[in-house]
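Visitor: Sharing a sequence plus its predicted fold:
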Amino acid sequence: MSTLKKLFLIDDDEDDRLIFHEALHELNLAVECYYAPDAVTALTKLQENSLVLPDYIFLDLNMPSITGRQFLVTLKQTAAFRHIPVVILSTSQNPHDIEETKQLGAFHFIIKPSTVKELSRRLAHVFSKNGHSTNGTGE
């Protein structure tokens, strides 16, 4: 990856945010990552232009107040944001969740793995993709 990519992770779990950061560090990519602990904060940051529009949004599905699904719907209905690829990061392995988020406009679905190394591998795959995939395995 030769150009600086801007990433926005929206996840209410601090441990998951740390693991994501470690996985990015392991990849040694030119990235700038912003974080939000919930979808309300994320929407505010995007709407107030308090951050540069990200190249990718990584989104947890299960969050308080506004769920990841609700955030995804809002994002895809907003002209200024609908072009941003959204990658779902979730512990859910439910095929319905994977299919539903695909139909709502998600670019990819990653089932949160148990190791930093595996998350790094799946993130590398997302960054190298030319098409869309939501099979949940990072392939």
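Guide: Looks like it arrived, so ask away.

Visitor: make it CA atoms for all contacts and neighbour counts henceforth
Guide: Noted.

Visitor: so what's the residue nearest the centre of the chain up against?
Guide: Nearest to the mean C-alpha position of the chain, counting by C-alpha atoms, centre = their mean, stands Phe58 at 1.0 Å. Contacts for Phe58 (C-alpha atoms under 8 Å, 6 or more residues apart in numbering) come out as Leu7, Phe8, Leu9, Ile10, Val86, Val87, Ile88, Leu89.

Visitor: Tell me the one of those residues nearest Cys33?
Guide: Using C-alpha to C-alpha, Leu7 comes nearest to Cys33 of the contacts of Phe58, at 4.6 Å.

Visitor: what comes up buried for the strand or helix carrying the residue nearest to the centre of the chain?
Guide: Per DSSP states H and E: Phe58 is located in strand 56-60. Using 16 or more other C-alpha atoms under 10 Å as the test for burial, strand 56-60 gives Tyr56, Ile57, Phe58, Leu59, Asp60.

Visitor: Same check on stretch 5-24?
Guide: Under the neighbour-count rule (16+ other C-alpha under 10 Å), stretch 5-24 has 6-12, 17, 19-24 buried.

Visitor: give me the low-pLDDT residue ranges for this structure?
Guide: 1-2, 50-51, 130-139 (pLDDT under 70).

Visitor: What ranges does it have for its helices?
Guide: Taking DSSP state H as the criterion, the chain contains helices spanning 14-27, 39-47, 68-76, 95-104, 116-128.
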